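K.L.:
Prediction below, plus the sequence it came from.
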There are 2 protein chains.
Amino acid sequence: MTDFHHTKSLFHLPEGVIYLDGNSLGPLPKAAPARMGAVMQDEWGEMLITGWNKAGWMAQPTRVGDRIARLIGAEPGHVVLGDTLSIKVYQALASGLELRPERRVILSDSGNFPSDLYMAEGLIASLGRGHELRVVAPEEVEANITDEVAVLMITEVDYRTGRLHDMKALTAKAHAAGVITVWDLAHTAGATPVDLSGAGADFAVGCTYKYLNGGPGAPAFIYVAPRHVDSTRPALSGWLGHDAPFAFEPSYRPGSGIDRMRVGTPPVLALAALEAALDIWDLTTMEQVRAQSIALTEQFIAEVEAACPMLELASPRDAAARGSQVSFRFADGYAAIQALIARGVIGDFRAPDIMRFGFTPLYIDEGDVSAAVAIIADVMGNRLWDRDAYKTRARVT
Amino acid sequence: MTDFHHTKSLFHLPEGVIYLDGNSLGPLPKAAPARMGAVMQDEWGEMLITGWNKAGWMAQPTRVGDRIARLIGAEPGHVVLGDTLSIKVYQALASGLELRPERRVILSDSGNFPSDLYMAEGLIASLGRGHELRVVAPEEVEANITDEVAVLMITEVDYRTGRLHDMKALTAKAHAAGVITVWDLAHTAGATPVDLSGAGADFAVGCTYKYLNGGPGAPAFIYVAPRHVDSTRPALSGWLGHDAPFAFEPSYRPGSGIDRMRVGTPPVLALAALEAALDIWDLTTMEQVRAQSIALTEQFIAEVEAACPMLELASPRDAAARGSQVSFRFADGYAAIQALIARGVIGDFRAPDIMRFGFTPLYIDEGDVSAAVAIIADVMGNRLWDRDAYKTRARVT
């Protein structure tokens, strides 16, 4: 069994803080600054340009990809790091649409993260071929999977409520209708077990700064199923996706396998921080993390509901239908979250009324949950928030 | 006048190395590891998610953009950091094509960096509207600027020869024909003075890991002229380019000004290293760097030509037509460069026969040039390279 007491000791957690926002930005692995320092001093500083070979920078995006592949049920050699999640969504969508050239609908749901929808809108406008982004309610996705649909683009875990889509069932339904699937694992990777290979997913993308603890702005990843990867045309066809990047040929020839989804120069420093974070993931399995996550979210829901009747559970009550976060609706949620942050319980707010708390077994334990609930009960029960907080509402919480 | 002796002292340069490859990857600014450590410990570690506001991470891409704007003659508030150069090329190209919807030609030259051409090919294939990428010889660009051309996409300094295009003249010619210009400043920013505003450039993009010394995989930048920026539709329309990213609206509305060219979450750690590097740039001006760069390249050409008659100058002899690098053609160039690297003179090789040396006044001085030439003369004059080096030719040099 994973020693979560040990993994917790590997993170820097500020004094007086209970951090229930690792679903937005994971905390600093204690080993990350030294790792970064070593890469800067010993590799960049000493090797200079020769670091691309000597330090293995060029292979870093797929080397790290293989470490993430284990956490998401992907075949080794089919995940590569780079760019941001929005860019990777665009790549997957563009490739997916080309696999179904006669169809014109991208199907998604209103629980998807807005950036995914925005990237789809931008792609559709660029293509100018009358594609339609069809956005339905989360519970209506399945019924809307028809043979009009080219690509089904779904974020597995809803960023507001934590509701978990059934990847296996939706992918099977999609395939029966000839639909290509693009799964966004932003709130899944490191949060719940995924079996991309077993579910038969076509494309998947995700970020590494949430549950994977790669740091602010850490790079994204993309997965392409083995059956598609060598017939996928990268719309974003950069030199590091070329079959021979350093031959400097005048025309693009896609590399073999997942390498073709690389675009520009890899973010070496950011990947160094992520590698330090992934060392901690090597100490556990997603199954053990999931079991502990369910224990923590069940405890949190029970204790909050007992202490705070004014909070309405927004997340599914059934743990099997929920990711690794718990959300409550509350009209003054923004102000209440600010008050909690001031008391050291860091959750976040999502418009219009969602108070959101993430549970991350690598560094949050049962004692943290109880301590957080005591503070939440005090703040909510005694109405200790400042309604004027709305007036100075910050852009990010 | 800039104290280049002082700026040199601010870089870590390995013992026994003369680094003439800052045009590929700049060296480590001594202050960068401590800056990175502080951002990791004090911001990521202590502030966690609140760093987006408290530490100013959200404003970092435009704050850094303004520091680069000074070096490229851009109007303040019109440069933003993020993504890789290839992605920024795609954004600029896609936007440029939409400004000329009735035209079908992207004009570029065979001296452009292949990734720019590849990204154009990918965009054209995605659009599927019969656009053509027309690639002509560098000296034929001007004659090919016609009213068929939608976008002229030019890398100002040729990555192989260092030949410098005349941005002002080509932009004027382009505008007379109604053509939009996209300037790639990869080998310009920090190398030669640029006056984007004065030249009337429409779009410009560049990277920060070469002359700007931001580190391996440092983020790219994009410039959009004030007259275009509020009518530019970002093809890559991510949430951080939205007018209200944290309102989580269902549809995309572009932000005002250059912010709309942002896509995903900013690369906070990579930008921290870049900020440390830009502190050194604050100590000088591009005019002073250029004067010293010309002095160094003139010295290098004169000394190499005197000592190594077997090397054929590939760069323009006229300093005004040359960037901040000097290239020589030599049939066994790959092997010769490997031999030089083994002797501590780091240049690089570009297929098929280019030996390339970059000159970077912030940390390379006249003594370095003479010392490098002495080693080059020894290696070349005594044929001290291993022709078998070809057989183990590395991917990156």
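P.N.:
It's in. Because the structure is a prediction, the values reported are computed rather than measured. Residues are numbered from 1 along each chain as shown, chains lettered A, B, ... in the order given.
K.L.:
what about the lowest-mean-pLDDT helix or strand in chain A, near chain B?
P.N.:
Within chain A, judged by mean pLDDT, DSSP states H and E, the helix or strand with the poorest mean is strand A:348-350; its value is a mean of 93. Yes. Judged by CB under 8 Å from any CB of the partner chain, strand A:348-350 comes into contact with chain B at A:348, A:350. From N, CA and C alone the C-beta is placed, and that goes for glycine too.
K.L.:
For that strand, which outside residues touch it?
P.N.:
Outside of strand A:348-350, the residues that reach it under the criterion CB atoms under 8 Å, 6 or more residues apart in numbering or on different chains are A:21, A:24, A:159-160, A:327, A:333-334, A:337, A:355-356, A:397, B:49, B:248.
K.L.:
ok, of the residues you listed, which one's closest to residue B:132?
P.N.:
residue B:248 (40.2 Å; CB to CB).
K.L.:
Any chance you could spot the residue sitting in the middle of chain A?
P.N.:
residue A:186 (1.6 Å; CA atoms, centre = their mean).
K.L.:
Let me know the distance separating the residue nearest to that residue when sequence neighbours are not counted from residue A:361.
P.N.:
Sequence neighbours aside, residue A:207 is the residue nearest to residue A:186 in space, at 5.1 Å (criterion: CB to CB, 6 or more residues apart in numbering or on different chains). Summarising the geometry, the distance separating residue A:207 from residue A:361, computed by CB to CB, to the nearest Å, is 19 Å.
K.L.:
State the distance from residue A:251 to residue A:243.
P.N.:
Here the criterion is CB to CB. By it, residue A:251 lies 11 Å from residue A:243.
K.L.:
Kindly report the same for residue A:336.
P.N.:
With distances defined as CB to CB, the gap from residue A:336 to residue A:243 amounts to 55 Å.
K.L.:
More neighbours: which of those two?
P.N.:
Under the criterion of other CB atoms under 10 Å in any protein chain shown, the comparison of residue A:336 against residue A:243 puts residue A:336 first, with 27 against 13.
K.L.:
is it fair to say the more buried one lies in a helix?
P.N.:
Yes. Counting by DSSP: H, G, I helix; E, B strand; the rest coil, residue A:336 is part of a helix.
K.L.:
how would you label the residue lying closest to it once chain neighbours are set aside: helix, strand or coil?
P.N.:
Taking CB to CB, 6+ apart, and ignoring the residues beside it in sequence, residue A:336 has residue A:385 as its nearest neighbour in space, at 4.7 Å. Secondary structure of residue A:385, reduced to three states by three-state DSSP: coil.
K.L.:
Am I right that residue A:385 is in contact with residue A:333?
P.N.:
No. In this structure residue A:385 lies outside contact range of residue A:333 using CB atoms under 8 Å: 9.3 Å.
K.L.:
who's more crowded, the two?
P.N.:
Neighbours per residue, other CB under 10 Å: of residue A:385 and residue A:333, the larger number sits with residue A:333, 25 against 20.
K.L.:
name the element residue A:370 belongs to?
P.N.:
Assigning secondary structure by DSSP states H and E places residue A:370 in helix A:366-381.
K.L.:
Would you mind listing what in the stretch 251-397 of chain A touches chain B?
P.N.:
That would be A:251-252, A:263-271, A:273, A:341, A:346, A:348, A:350-351, A:394-397, which are the residues of the stretch 251-397 of chain A within reach of chain B (CB under 8 Å from any CB).
K.L.:
Out of those, which sit inside helices?
P.N.:
A:268-271, A:273, A:341 (DSSP state H).
K.L.:
Now rank those residues by neighbours and give me the top one.
P.N.:
By neighbour count, taken as other CB under 10 Å, the most surrounded of those turns out to be residue A:273 (32 neighbours).
K.L.:
Over to residue A:192: give its phi and psi.
P.N.:
Comment: the main-chain dihedrals of residue A:192 come out as phi -140, psi 150, following degrees, to the nearest 10.
K.L.:
Is it correct that it is in contact with residue A:164?
P.N.:
Yes. Shown here, residue A:192 and residue A:164 form a contact pair, counting by CB under 8 Å, at 6.7 Å.
K.L.:
Give me the common contacts of those two.
P.N.:
Common contacts of residue A:192 and residue A:164, defined by CB under 8 Å, 6+ apart, comprise A:156-157, A:323.
K.L.:
which among those residues gets closest to chain B?
P.N.:
residue A:157 (15.5 Å; CB to the nearest CB).
K.L.:
What pLDDT is listed against the closest one?
P.N.:
The score at residue A:157 is 97. That number is its pLDDT.
K.L.:
what sits opposite it in the beta ladder?
P.N.:
Residues in a beta bridge with residue A:157, per DSSP bridges, are residue A:164.
K.L.:
so who does the residue nearest to residue A:186 touch?
P.N.:
With contacts taken as CB under 8 Å, 6+ apart, residue A:207 has the following neighbours: A:84-85, A:186, A:189, A:218, A:220-221, B:265.
K.L.:
just checking, what packs against the longest helix along chain A?
P.N.:
Here the longest helix in chain A is taken by residue count, with DSSP H as the criterion, and it is helix A:286-307. Counting contacts by 3 or more CB pairs under 8 Å, 6 or more residues apart in numbering or on different chains; DSSP states H and E, helix A:286-307 is packed against strand A:325-329, helix A:366-381.
K.L.:
could these be laid out in TSV, adding distance to residue A:91 and mean neighbour count?
P.N.:
As requested, the helices and strands packed on helix A:286-307 are arranged in TSV below (distance: least, CB to CB, whole Å; neighbours: other CB atoms under 10 Å in any protein chain shown):
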stretch	distance to residue A:91	mean neighbour count
strand A:325-329	27	26
helix A:366-381	38	18
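K.L.:
Tabulate the ones you listed (JSON lines), appending distance to residue B:199 and mean pLDDT.
P.N.:
Conversion of these to JSON lines gives the following (distance: least, CB to CB, whole Å; pLDDT from 0 to 100):
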{"stretch": "strand A:325-329", "distance to residue B:199": "50", "mean pLDDT": "98"}
{"stretch": "helix A:366-381", "distance to residue B:199": "57", "mean pLDDT": "98"}
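K.L.:
out of these, which comes closest to residue B:141?
P.N.:
Smallest distance to residue B:141 across the helices and strands packed on helix A:286-307 (CB to CB): 54.4 Å, for strand A:325-329.
K.L.:
In the sheet, which strands lie alongside the closest one, parallel or antiparallel?
P.N.:
When DSSP bridges is applied, strand A:325-329 pairs with strand A:312-313 (antiparallel), strand A:354-358 (antiparallel).
K.L.:
And whatever residue of the stretch 201-350 of chain A ends up closest to chain B, how close does it get to residue B:90?
P.N.:
Of the stretch 201-350 of chain A, the residue with the smallest distance to chain B, taken as CB to the nearest CB, is residue A:264 at 2.7 Å. With distances taken as CB to CB, residue A:264 is found 10 Å from residue B:90.
K.L.:
try residue A:141
P.N.:
30 Å.
K.L.:
Can you pick out the residue with more neighbours from those two?
P.N.:
Regarding residue A:141 and residue B:90, a neighbour count based on other CB under 10 Å identifies residue B:90 as having more, with 30 against 23.
K.L.:
Shouldn't that one be within a strand?
P.N.:
No. Counting by three-state DSSP, residue B:90 falls outside a strand, being helix.
K.L.:
Close to chain B: what parts of the stretch 51-200 of chain A are there?
P.N.:
Taking CB under 8 Å from any CB as the measure of proximity, the stretch 51-200 of chain A contacts chain B at A:51-53, A:57-58, A:82-87, A:90, A:94, A:110, A:113-115, A:117-119, A:121-123, A:125-129, A:135.
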